[in-house]
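[1] After the sequence you'll find the predicted model.
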Protein chains: 2
Amino acid sequence: MEYDGTEYHGFQAQPGLPTVQGVLKEVVARVTGERVHLAASGRTDAGVHAKGQVVAFDSHSHLSSSGMTRALNFYLPGDVAVVEAFVVRAGFDPRREARSRHYRYTILNRKSRSPLGKRQSYHVPQPLNVDAMALAAGILEGEHDFAPFASPLKTEASTRRTVLRANVLRKGEMVLFDMEANAFLPLQVRRTVGALVKVGQGKMEVGDFQRMAESGRPGMAGPTAPAQGLCLMKVSYDRPLGELRIEDF
Amino acid sequence: MEYDGTEYHGFQAQPGLPTVQGVLKEVVARVTGERVHLAASGRTDAGVHAKGQVVAFDSHSHLSSSGMTRALNFYLPGDVAVVEAFVVRAGFDPRREARSRHYRYTILNRKSRSPLGKRQSYHVPQPLNVDAMALAAGILEGEHDFAPFASPLKTEASTRRTVLRANVLRKGEMVLFDMEANAFLPLQVRRTVGALVKVGQGKMEVGDFQRMAESGRPGMAGPTAPAQGLCLMKVSYDRPLGELRIEDF
């Protein structure tokens, strides 16, 4: 699924609030007549976007995959869409079977604000040293204790995660931060961006970033960068998503 | 200037309708206390975006260039912004002195609609043959009579224009059409895109496109592609825009 998170209180259904899961559930009920349980690869927070959210549900519908896609997209609001639907084996769990998640955080780095970019980027008007940011990001790759990037208030069973990729590159006026990991702590990408921007602005040395990242002390990283710059790009499984498809009946 | 044209009835001021020129004029009056004449590089139509519109006005304001930029952006609505402001020589005419305009038209070419792309692209769900489109676009380069791409209702003094660049390329799910010319006829880019999409869908042969383009018969090209895919990217002058700057006082 792809969605513009601007108007939603995140993916997960909450009573009385507009959520992506909430609208999808209503639309599935409308199309299939069934009140289904929607299993997703993970939550996205309020205001966060997705290009590759993966959602699964059980249904007795006789619609083909393309018929289901068309029917859901007909009823879904303009800011939420099904990109593609497959019939997969029963019991497919998009969260537990996910091997990795790829998030992209987009920073608009120019003096003036951008009317065309504002819904999907975080505006940092000061010049950013992208080389320093890339160096700091690289430190995060591998298996580490990411407690400093976790909330200082919550105690997690484990804050160890494996980061497959963490890189920063400039593309014109945009600075893109791509991070792929087996799983993420709540707000981890946005806390990481907050710290990386400090490095880019020269307010924090790369060495200090490294000491902070390796300190094991919860909640040291931040501030939390705003939601609208973040997008869940892709969730990866053992095989490409399309290969999970089983024959339409 | 950069603007998201979605909510505007085009650039040019029209009584009682929201226009980019209208809001800018109000904001300049608020900042400088002066009712100025705004000279632009050209009009953009309702719903069309801009990343590089060039606007000039005379003012007795004592604000510096950066102070003027900040003041205008403070009062302008979120969907309109000044990217950069310079003091230029008196009499600078952004329309008559422009050497060329570069427009980009963005087509989203995938089956499902795109919540994140919809404000700034035209959704064509059928597969497009980009090679054929690029071949057809190339025919337009050079000095030609573009009457077939003009409105059939209006008679222009001349419909000859010089196209410096007309190319089509695929970038993931996007098909981008870039066209740069000394000047454009009304709706020329959108009529060109309408015809190119027919070529891409196999509804029109490249040879037929060429015969149509060279026919000299007004209004043959089309249909007119929707406004939201179009963006005025850049207006070029004899020298880079920044070099037109004269010393701040």
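    Yep, that arrived. These numbers come from a predicted model, not from an experiment. Numbers count the residues shown, from 1 in each chain, chains lettered A, B, ... in the order given.
[2] just the strands in chain A please.
    A:2-3, A:39-40, A:49-50, A:55-56, A:80-81, A:100-108, A:122-123, A:142-145, A:160-171, A:174-181, A:230-236 (DSSP state E).
[3] and the residue lying closest to A:Ala137 once chain neighbours are set aside, what is it in contact with?
    Of all residues not flanking A:Ala137 in the chain, A:Ala166 sits nearest, at 4.3 Å (C-beta to C-beta, 6 or more residues apart in numbering or on different chains). C-betas here are computed from N, CA, C, even on glycine. Taking C-beta atoms under 8 Å, 6 or more residues apart in numbering or on different chains, we find A:Ala166 in contact with A:Ala137, A:Gly138, A:Leu140, A:Glu141, A:Phe177, A:Asp178, A:Met179, A:Glu180, A:Thr192.
[4] want to try TSV for the strands of chain A, with distance to B:Glu173 and mean pLDDT as columns?
    Formatted as TSV, the strands of chain A follow (distance: least, C-beta to C-beta, whole Å; pLDDT from 0 to 100):
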stretch	distance to B:Glu173	mean pLDDT
strand A:2-3	10	98
strand A:39-40	22	96
strand A:49-50	15	98
strand A:55-56	20	96
strand A:80-81	12	98
strand A:100-108	15	98
strand A:122-123	24	98
strand A:142-145	32	96
strand A:160-171	17	97
strand A:174-181	17	98
strand A:230-236	13	97
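[5] Give me whichever of those is most buried.
    With neighbours taken as mean count of other C-beta atoms under 10 Å in any protein chain shown, those reach their highest mean count in strand A:49-50, at a mean of 28.
[6] can you list contacts of that one?
    Applying C-beta under 8 Å, 6+ apart, the contact partners of strand A:49-50 are A:1-6, A:11, A:20, A:44, A:120, A:228, A:230-232, B:116.
[7] With respect to A:Gly242, which of these is nearest?
    Proximity of the contacts of strand A:49-50 to A:Gly242 was ranked by C-beta to C-beta; the top entry is A:Met1 with 15.0 Å.
[8] and the closest one, how far is that from B:Val235?
    From A:Met1 across to B:Val235, the span is 39 Å (C-beta to C-beta, to the nearest Å).
[9] Give the full set of residues in contact with A:Gly222.
    By C-beta under 8 Å, 6+ apart, the neighbours of A:Gly222 are A:Arg191, A:Gly194, A:Ala195.
[10] could you dump stretch A:120-129 to CSV, C-alpha only?
    Only the C-alpha atoms of stretch A:120-129 are listed here, as CSV (Å, rounded to 0.1, in the frame of the first residue of the first chain):
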residue,chain,number,x,y,z
GLN,A,120,7.0,15.0,2.1
SER,A,121,10.2,16.6,3.6
TYR,A,122,11.7,18.3,6.6
HIS,A,123,13.0,21.8,5.8
VAL,A,124,16.5,22.5,7.2
PRO,A,125,17.6,25.9,5.9
GLN,A,126,21.2,25.8,7.2
PRO,A,127,23.8,24.2,5.0
LEU,A,128,24.4,20.6,5.9
ASN,A,129,27.7,18.8,5.7
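[11] That one and chain B, any residue contact?
    Yes. Using C-beta under 8 Å from any C-beta of the partner chain, we find that stretch A:120-129 touches chain B at A:Gln120.
[12] list the contacts for A:Gly207?
    Per C-beta under 8 Å, 6+ apart, neighbours of A:Gly207: none.
[13] Distance check, it against chain B.
    As judged by C-beta to the nearest C-beta, to the nearest Å, A:Gly207 and chain B stand 34 Å apart.
[14] Quick check: closest non-adjacent residue to A:Leu63.
    Distance criterion C-beta to C-beta, 6+ apart; nearest residue to A:Leu63, sequence neighbours excluded, is A:Ala71 at 6.2 Å.
[15] Just give the number of residues close to the one you found.
    Neighbour count of A:Ala71, defined by other C-beta atoms under 10 Å in any protein chain shown: 19.
[16] cool, and A:Val27?
    A:Val27 has 19 neighbouring residues, counting by other C-beta under 10 Å.
[17] cool, and A:Arg89?
    Applying other C-beta under 10 Å, we find 8 other residues in the vicinity of A:Arg89.
[18] Return the residues in contact with it.
    Contact analysis of A:Arg89 by C-beta under 8 Å, 6+ apart lists A:Leu244, A:Ile246.
[19] Now do the contacts for the spatially most central residue of chain A.
    Residue closest to the average C-alpha location in chain A (C-alpha atoms, centre = their mean): A:Leu232, at 2.8 Å. Each residue near A:Leu232 by C-beta under 8 Å, 6+ apart is listed here: A:Ser41, A:Gly42, A:Thr44, A:Val48, A:His49, A:Ala50, A:Lys51, A:Gly52, A:Gln53, A:Arg101, A:His102, A:Tyr103.
[20] Equivalent analysis for A:Ser121, please.
    When contacts are counted by C-beta under 8 Å, 6+ apart, A:Ser121 touches A:Thr106, A:Ile107, A:Leu108, A:Ser114, A:Met174, A:Gln228, A:Gly229.
[21] Below-threshold pLDDT in chain A: ranges please.
    Chain A contains residues with pLDDT under 70 at A:154-156, A:247-249.
[22] and it, which residues reach chain B?
    Counting by C-beta under 8 Å from any C-beta, chain A sits next to chain B at A:2-4, A:49, A:51, A:66, A:69, A:73, A:78-84, A:110-116, A:118-120, A:231.
[23] Could you give the bridge partners of A:His144?
    Applying DSSP bridges to A:His144 gives these bridge partners: A:Arg161.
[24] Quick check, it in contact with A:Glu214.
    Yes. With contact defined as C-beta atoms under 8 Å, A:His144 counts as touching A:Glu214 (7.4 Å).
[25] Show me the beta-bridge partners of A:Gly181.
    Heads up, residue A:181 is Ala, not Gly. In beta-bridge terms (that is, DSSP bridges), A:Ala181 pairs with A:Arg101, A:Val163.
[26] from memory it sits against A:Thr162, does it?
    Yes. A:Ala181 is within contact range of A:Thr162, at 6.2 Å (criterion: C-beta under 8 Å).
[27] related to what we said a few turns ago, so which of the strands of chain A gets nearest B:Ser59?
    Closest among these, using C-beta to C-beta: strand A:122-123, at 26.7 Å.
[28] Return the distance of A:Leu108 relative to A:Pro125.
    For A:Leu108, the distance to A:Pro125 (C-beta to C-beta) stands at 9 Å.
[29] Please work out how many residues are found near the residue nearest to A:Arg35 when sequence neighbours are not counted.
    Of all residues not flanking A:Arg35 in the chain, A:Ala29 sits nearest, at 5.6 Å (C-beta to C-beta, 6+ apart). A:Ala29 has 13 neighbouring residues, counting by other C-beta under 10 Å.
[30] same check, this time on the one 5 residues further on
    Close neighbours of A:Glu34, defined as other C-beta under 10 Å, add up to 13.
[31] Now it: closest residue in space that isn't a chain neighbour?
    Nearest-residue entry for A:Glu34: A:Ser59, 5.7 Å, with adjacent residues in sequence omitted and distances by C-beta to C-beta, 6+ apart.
[32] re the thing from before, the residue nearest to A:Arg35 and A:Val36, how far apart?
    In terms of C-beta to C-beta, A:Ala29 sits 7 Å off from A:Val36.
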